[in-house]
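Peer 1: Model the following, please.
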Amino acid sequence: MGLEMKLSFTDIIRPGTLKNYYVNGKVSGYQFDVRLGYYRGHYLSVIDALGVEVDGEKAEDMNVTFCVNGKEFAPAELKYQFSEFWTILTPATIKVRKAGGLTKGAHDINLTLMLHSPYMPLPGATEPHQYTPINSCDRKTVELSD
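Peer 2: Reported below is the predicted structural model:
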């Protein structure tokens, strides 16, 4: 594994936020809140990887949405969000489309959330525009609060 920064200022996956969400009265998926595991906010364009696995089932990228500041973005759109800022105090919501959502009870969430620091060039980089990775990944067992 290469050089990466991991800071633990807060729980990334927010306890008590896992719930199913509804569209037109039907359970369309589940959602949970996350916080940025870093000492300062960042533009969404620095998010290099976003992935969700719940109870060993990996969500397809096309079913994952990153929601912050009243807006929703697909993982592939994040790298283009140069003007959308995520503060350290603002939780973002991760939504996953899944017919029927999740069952009541405890669920193991494995979140992949990798960013880079646009002001910290990677030491020893052999190519330009390589920046220090920030590991904001988290894994937690949480109860569905539906």
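
Peer 1: Okay, and the residue of the chain most remote from its centre sits in which element?
Peer 2: Using Cα atoms, centre = their mean, the residue of the chain lying farthest from its centre is Thr126. It sits 28.7 Å away. Using DSSP states H and E, Thr126 sits within no helix or strand.

Peer 1: Local confidence estimate at it?
Peer 2: Thr126 carries a pLDDT score of 70 in this model.

Peer 1: Equivalent analysis for Asp146, please.
Peer 2: pLDDT, Asp146: 66.

Peer 1: So in this structure, where's the weakest helix or strand by average pLDDT?
Peer 2: The weakest-scoring helix or strand in the chain, judged by mean pLDDT, DSSP states H and E, is strand 131-135 (a mean of 79).

Peer 1: in the helix or strand immediately after that one in the chain, what counts as buried?
Peer 2: Going down the chain from strand 131-135, the next helix or strand is strand 138-143, by DSSP H and E. Of all the residues in strand 138-143, those buried under the rule 16 or more other Cβ atoms under 10 Å are Asp138, Lys140, Val142. Quick note: C-beta positions are derived from backbone N, CA and C, even for glycine.

Peer 1: Return the member of these nearest to Gly16.
Peer 2: Gly16 lies nearest to Val142 out of the buried residues of strand 138-143, by Cβ to Cβ, at 7.5 Å.

Peer 1: Who is Thr65 paired with across the strands?
Peer 2: Thr65 has the following beta-bridge partners by DSSP bridges: Lys95.
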